[in-house]
Structures are given as C-alpha cells and as structure tokens.
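Q: model this:
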Amino acid sequence: MRSRRELAQMDARLWADIGISRGEALMETERRLWDRHRTIDPSRRSRGD
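A: Model prediction:
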C-alpha cells in the first residue's frame, strides 16, 4: 500500500525514469490492497503520457 501511495505522488518525469506511463501508474495505484498478483507488463510499456 505504501508503494502505491508513493507511486501516486510521483510526477511524469519520475514515472518515465522507472519506465511506466501515467496510465500504468494510475492503474497500479487504483488496485485493491489484496490485488497483488497482477503486474505491469513491460512488453506493453508505452513511452507517452
């Protein structure tokens, strides 16, 4: 939960540094606490915001 909270507070520059888009970050932060198994698929990574 803490990681998702920190991810939500990042800006586009930091998301780009870790290789995810704004949409991917928002999807991750909206997941339920118990939803641990779904991860961001790096092959579907977009560079746009």
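
Q: Okay, buried residues for the helix or strand hosting Asp17 please.
A: Per DSSP states H and E: Asp17 is located in helix 12-18. For helix 12-18, burial by neighbour count (16 or more other CB atoms under 10 Å) applies to Trp15. For the C-beta atoms, the positions are set from N, CA and C on the backbone; glycine is no exception.

Q: and the most far-flung residue of the chain relative to its centre, what pLDDT?
A: Relative to the C-alpha centroid of the chain, counting by CA atoms, centre = their mean, Trp34 is the outermost residue, at 16.3 Å. pLDDT recorded at Trp34 is 74.

Q: can you tell me which residues contact it?
A: Listed by CB atoms under 8 Å, 6 or more residues apart in numbering, the contact set of Trp34 is empty.

Q: For burial, what's the neighbour tally of Ile20?
A: Using other CB atoms under 10 Å, Ile20 is surrounded by 21 other residues.

Q: so how far is Ala12 from it?
A: With distances taken as CB to CB, to the nearest Å, Ile20 is found 10 Å from Ala12.

Q: who's in contact with whichever strand or helix holds Ser3?
A: Ser3 is part of helix 2-9, with elements assigned from DSSP H and E. Applying CB under 8 Å, 6+ apart, the contact partners of helix 2-9 are Ala25, Leu26, Glu28, Thr29, Arg31.

Q: Now Leu33: closest residue in space that isn't a chain neighbour?
A: Met1 (5.7 Å; CB to CB, 6 or more residues apart in numbering).
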